[in-house]
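Participant: Next come a sequence and a model predicted from it.
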Amino acid sequence: MTRLFAFMTATLVALYLVMTIYGAGDLRGARDPVAAPRPAAQDAGREALMPAGQDAAQPDAAAARPTDPDPAQPAPEIVQTTAQTPQRVQEFPGPPLRPSPEYVGQTPDEAAPPPQGAQGPILYVTGSSVNFRAGPSTGDRVIGALGQGDAVEALGPTDAAWVHIRDTAGRIGYMSGQFLSPAQPD
């Protein structure tokens with residue numbers, strides 16, 4: 001164990017010495033300022049800004065410094081990122097969607113009419129898809145789900161946590177009162 005500790009210490013000291021000796025100095029400062037990366041917008045139209053007879057592949061020190069563009073020259077066209085981004089295409093589309101058997105012939109925005117022969121107050125579902133159950137708890141069996149704007153008949157008090165309801169298909173169950181409103185949603 002002592003040998004391992006001594007070996008690790010010697011290795012760390014050696015690395016420290018190597019980094020101290022060879023790591024000193026600013027390596028970025030030693031680079032050629034001409035080769036420093038520049039934004040692509042600065043390179044656009046560079047050939048148009050070069051003096052006559054100068055080759056763009058071999059710039060001299062004066063040409064390498066950024067200069068103000070000539071006001072007589074038109075500015076290079078800037079391409080917006082939305083034009084550069086390719087449109088996404090779904091490579092493996094699935095089969096066409098079909099409505100569930102209980103919703104065949106209905107459009108999603110179509111609200112169900114009030115139940116026929118309703119004796120109690122009419123309430124409307126405010127959630128996008130709300131379960132109604134056989135009993136007044138989330139532990140009871142789900143009878144079905146109703147969508148936003150569907151009308152139901154209240155068979156009991158409407159201010160309770162769980163409201164006893166009948167839907168347009170005649171099914172009777174309970175729905176949480178927080179998802180029912182006497183005003184029809186838009």
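Facilitator: The structure has been received and is ready for your questions. Residues are numbered from 1 along each chain as shown.
Participant: Help me confirm that Ala161 comes into contact with Pro136.
Facilitator: Yes - using CB atoms under 8 Å, Ala161 is in contact with Pro136, at 7.5 Å. All C-beta atoms are positioned from the backbone trio N, CA, C, and that covers glycine.
Participant: Looking at those two, which is more packed in?
Facilitator: Taking other CB atoms under 10 Å, Ala161 and Pro136 do not tie; Pro136 has more neighbours (18 against 10).
Participant: quick one: the more buried one from Met19, how far?
Facilitator: Distance, Pro136 to Met19, by CB to CB, to the nearest Å: 72 Å.
Participant: just Thr158 next, same as before
Facilitator: Distance from Thr158 to Met19, by CB to CB: 77 Å.
Participant: So which of the two has more stuff around it?
Facilitator: Ranked by neighbour count (other CB under 10 Å), Thr158 and Met19 place Thr158 first, with 16 against 10.
Participant: OK, contacts around the more buried one?
Facilitator: 121, 123, 177, 180, 182 (CB atoms under 8 Å, 6 or more residues apart in numbering).
Participant: For the closest residue to the fourth one other than its chain neighbours, list the residues it contacts.
Facilitator: For Leu180, ignoring the flanking residues on the chain, the nearest one in space by CB to CB, 6 or more residues apart in numbering is Leu123 at 4.3 Å. Contacts here follow CB under 8 Å, 6+ apart; on that basis Leu123 touches 151-154, 158, 163, 165, 180-182.
Participant: and with 10 Å instead?
Facilitator: The neighbours of Leu123, taking CB atoms under 10 Å, 6 or more residues apart in numbering as the test, are 114, 150-154, 158, 163, 165, 175, 177, 179-184.
Participant: among those residues, which are in strands?
Facilitator: If you go by DSSP state E, these have 151-154, 163, 165, 175, 180-181 in strands.
Participant: Show the buried residues in these.
Facilitator: For the ones in strands among the contacts of Leu123, a burial check counting by 16 or more other CB atoms under 10 Å picks out 151-154, 163, 165, 175, 180.
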